[in-house]
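[1] Quick one: sequence plus predicted model below, questions after.
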Amino acid sequence: MTATLPDEVDDVPPAPRVSLSDSAREYVARVRGGDVGPLPAILGLVVLLVVFSSLRPETFTNSFNFANLLIQSAPVIVIAMGLVFVLLIGEIDLSAGYTAGVAGAMLGVASTRHDWPWWVGVIVCLASGAAIGLVIGLLVARVGIPSFVVTLAAFLGLQGLLLQIIGEGGTIRIESETVLAIMSKNLPVWLGWVLFVFLVATYAAISFRALASRRSRGLVAQSPAVWLVKVLGLAVLLGICTYYLSLERSRNSAISSIKGVPIVIPVVLVLLVLFTMLLTRTLFGRHVYAVGGNAEAARRAGINVPRIRLLCFVLTSTIAAVAGILLASRVNSVTPATGGGETLLYAVGAAVIGGTSLFGGKGRPVDAIIGGLVVAIVANGMGLLNQPAAVVYMVTGLVLLLAAGVDALSRRRAAASGRA
């Protein structure tokens, strides 16, 4: 006697849906377990915005200051994005600031001194950054010298190389209108809104496709309500920013008009998307997290740990070269101070404040943006309050110390709860 099974047995069982309330409870549980992510930085960002908006409502909240704050923070954010890669594997790069300076100087040598096309100068700039990262990576990953020592030596050596290229007290002017436009020009207002629609629509399509894919394979998937909340949240945030940047920022619009999304913002967003996809959608990205989580376990799993470390240092320095282009574009020149001073310290602080762990294995490129905005708002708001540089440095240092403390405590709590 043969039993007949119902047709439904051959079908994929329906994927369990995670409702909005379930998602909220799960997130609270993760936070209690020590997985706080960028939450402290986001809360700090909100507090800073409220405080400075209350103390200086006429200057801090105007559209001119808002655009200026985003433009000023862009180079530091880009360097911080690069540093996320080495921090993820539990390493450090102290030379990223002067890597940006040397790469920017090579851009100036190629495009100004040799009068090559701007795009050739950009290629030379990026190749210079990649070469610096290759040397650092080989010394760390192949020779076995600690990254702190190697990059500290590179910090000093690159500072000397920058002086050698430019000349002490000298400067290299950037004359390419295309390069200068990155930090000084804005998109037309209509194009800014087109960019807004494109970003929201793209995020909605990609996230919905991922949701549908998980459901089709019978995996746990979030409910459409959760997806809709995320899309609407992104739309509201980007919509407010686009509206604010579309306002007239010129003090005398009859002579010159300043409005629209600064060109550098789409540049940073493109980098964010590329690096996020690299870390979350590729085998390389999974290997980076594996090496940062436990290098020995990654090695036993067949991952080429030295190669991953080498590639991370190359990426970090190449991304720093992109920041070198932004630094050169902002001040129309490259000097021996380009990339120096507090540039590197702010970049490291931005990555850590945003939620990237100093211990490796935890972090995302978006952390650099969140932390970079925190650092920029502190400097901008304290400046509007006419506070001296000494106070700004102390407050920024305190914020960084708090972020590192939260990271250490969250890791301890995660270990105690079994989530590490």
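    Perfect, I can see it now.
[2] Could you pull out the helices in the stretch 151-300 of the chain for me?
    Assigned by DSSP state H, counting those that start in this stretch, the stretch 151-300 of the chain shows helices spanning 177-184, 189-216, 224-246, 264-280, 283-293, 295-300.
[3] Can you check which of the ones you listed gets nearest to residue 322?
    helix 264-280 (7.0 Å; C-beta to C-beta). C-beta: built from backbone N, CA, C; applies to glycine.
[4] My read is that residue 301 contacts residue 291, right?
    No - distance between residue 301 and residue 291: 10.1 Å, which falls outside the contact criterion (C-beta atoms under 8 Å).
[5] Number of residues surrounding residue 233?
    10 (other C-beta atoms under 10 Å).
[6] oh, I was asking about residue 194
    Around residue 194 there are 12 residues (other C-beta under 10 Å).
[7] what about it, distance to residue 260?
    Distance, residue 194 to residue 260, by C-beta to C-beta, to the nearest Å: 12 Å.
[8] re earlier: include mean pLDDT and distance to residue 374 when you put the helices of the stretch 151-300 of the chain into a markdown table, please.
    Listed next are the helices of the stretch 151-300 of the chain as a markdown table, based on pLDDT from 0 to 100; distance: least, C-beta to C-beta, whole Å:
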| stretch | mean pLDDT | distance to residue 374 |
| --- | --- | --- |
| helix 177-184 | 92 | 21 |
| helix 189-216 | 88 | 22 |
| helix 224-246 | 89 | 16 |
| helix 264-280 | 93 | 16 |
| helix 283-293 | 93 | 23 |
| helix 295-300 | 92 | 30 |
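[9] Just say which of the ones you listed is most tucked in.
    Most buried of the helices of the stretch 151-300 of the chain, by mean neighbour count (mean count of other C-beta atoms under 10 Å): helix 283-293, with a mean of 19.
[10] Next, the angle helix 264-280 makes with that one.
    80 degrees (axes from the mean of the first three to the mean of the last three C-alpha atoms, to 10 degrees).
[11] how distant is helix 283-293 from the center of its chain?
    18 Å (C-alpha atoms, centre = their mean, to the nearest Å).
[12] Ok, stretch 59-70 next?
    Using C-alpha atoms, centre = their mean, the offset of stretch 59-70 from its chain centre is 20 Å.
[13] Could you tell me which residues within it count as buried?
    Within stretch 59-70, the residues that count as buried by 16 or more other C-beta atoms under 10 Å are 60, 63, 65, 66, 67, 69, 70.
[14] can you confirm the third one is in a helix?
    I take that to be residue 65. Yes - applying DSSP: H, G, I helix; E, B strand; the rest coil, one finds residue 65 inside a helix.
[15] ok, for it, nearest residue in space, not its chain neighbours?
    residue 59 (6.0 Å; C-beta to C-beta, 6 or more residues apart in numbering).
[16] For that neighbour, which three-state class applies?
    Quick answer, by three-state DSSP: residue 59 is coil.
[17] Could you tell me the phi and psi values at it?
    Main-chain torsions, residue 59, degrees, to the nearest 10: phi -120, psi -40.
[18] Please tell me how far it sits from residue 45.
    From residue 59 to residue 45 the distance is 19 Å (C-beta to C-beta).
[19] before we move on, the earlier item: out of the helices of the stretch 151-300 of the chain, the one nearest residue 314 is which?
    helix 283-293 (11.8 Å).
[20] what packs against that closest one?
    helix 63-88, helix 264-280, helix 295-300, helix 305-331 (3 or more C-beta pairs under 8 Å, 6 or more residues apart in numbering; DSSP states H and E).
[21] contacting residues around the closest residue to residue 341 other than its chain neighbours?
    The spatially closest residue to residue 341, leaving aside those adjacent along the chain, is residue 97, at 7.9 Å (C-beta to C-beta, 6+ apart). The contact partners of residue 97, by C-beta atoms under 8 Å, 6 or more residues apart in numbering, come to 79, 155, 320, 339, 340, 341, 343, 344, 347.
[22] Could you identify the buried members of those?
    Using 16+ other C-beta under 10 Å, the buried members of the contacts of residue 97 are 79, 155, 320, 339, 340, 343, 344, 347.
[23] What score does residue 74 have for pLDDT?
    pLDDT, residue 74: 94.
[24] these two touch, right, it and residue 268?
    Yes - using C-beta under 8 Å, residue 74 makes contact with residue 268 at a distance of 5.6 Å.
[25] which residues are in contact with both of the two?
    With the criterion set as C-beta under 8 Å, 6+ apart, the contacts of residue 74 and residue 268 do not overlap.
[26] Model confidence score at residue 1, please.
    44.
[27] Sorry, slip of the keys, the one I care about is residue 124.
    96.
[28] how about residue 371, what does it touch?
    41, 80, 349, 350, 351, 352, 353, 354, 355, 356, 403.
[29] switch to 7 Å and redo it
    The neighbours of residue 371, taking C-beta atoms under 7 Å, 6 or more residues apart in numbering as the test, are 41, 80, 349, 350, 351, 352, 353, 354.
[30] can you check residue 380 too?
    With C-beta under 7 Å, 6+ apart, residue 380 has these contacts: residue 69.
[31] Could you name the specific helix or strand carrying it?
    In this assignment (DSSP states H and E), residue 380 forms part of helix 365-384.
[32] Give me the distance between the residue nearest to residue 65 and residue 397.
    25 Å.
[33] where does the stretch 1-150 of the chain dip in pLDDT?
    Applying pLDDT under 70 to the stretch 1-150 of the chain flags the ranges 1-24, 26-37.
[34] Since that was my last question, I'll sign off now.
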